[in-house]
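Participant: Dropping a prediction and its sequence here:
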Amino acid sequence: MLPTRRDVVAGLCSTLLECLPGCDRAKPEPVTITYMDPEWSHDRSQRRFFSEGALRQFEKETGIKVKHLPTAETSEGQLKLTQKLLAGKDMPDVLGIDVIWSVVLDDALLDLRPFFSSELSAADPDLGV
């Protein structure tokens, strides 16, 4: 699941508040990104691309924590859980979905292409983004 506009604005506001000189406010709670990917729990070969070591290094460098959410074992269970999470308040910040689910989940997803037009124009055209 991609971050909501509210989450992006909240993150930017938090960053701005930390940067203001002379501010006597207490340091905000650390940011935590929740991540759910059905393949994470099954396909351990993919972990070489997104290893626990890389996550810990990311956390150390950015101060942003990454929390993996458990997922169902079956594809049907994963889709039902995804739909339930997207309908609730406590949805993951990042959500891996099966490519065919995008039609089913369309109303709950935000197309980020308008926000990253310059990055996408520089991407390899064979990627199909």
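Facilitator: Everything's here; your move.

Participant: quick one, helices of this structure?
Facilitator: Secondary structure of the chain (DSSP state H): helices at 5-19, 38-42, 52-62, 75-87, 101-104, 117-121.

Participant: Okay, L120 and E73: tell me how far apart.
Facilitator: Note on L120: its distance to E73, by CB to CB, to the nearest Å, is 34 Å. Every C-beta, even on glycine, is put in place using the N, C-alpha and C of the backbone.

Participant: More neighbours: which of those two?
Facilitator: In terms of neighbours (other CB atoms under 10 Å), L120 is the more surrounded of L120 and E73; the figures are 13 against 10.

Participant: Surely that one and R113 touch.
Facilitator: Yes. In terms of CB atoms under 8 Å, L120 counts as a neighbour of R113; the distance is 6.1 Å.

Participant: measure stretch 55-75 end to end?
Facilitator: Chord length of stretch 55-75, first to last residue, is 26 Å (CA to CA, to the nearest Å).

Participant: buried ones in that stretch?
Facilitator: By neighbour count, with 16 or more other CB atoms under 10 Å as the criterion, the buried positions of stretch 55-75 are 55, 66, 69, 71.

Participant: so where is this structure shaky, pLDDT-wise?
Facilitator: Counting by pLDDT under 70, the chain has low-confidence residues at 1-27, 39-51, 127-129.

Participant: one more time with 80, if that's ok
Facilitator: The chain contains residues with pLDDT under 80 at 1-30, 37-52, 55, 90, 123-129.
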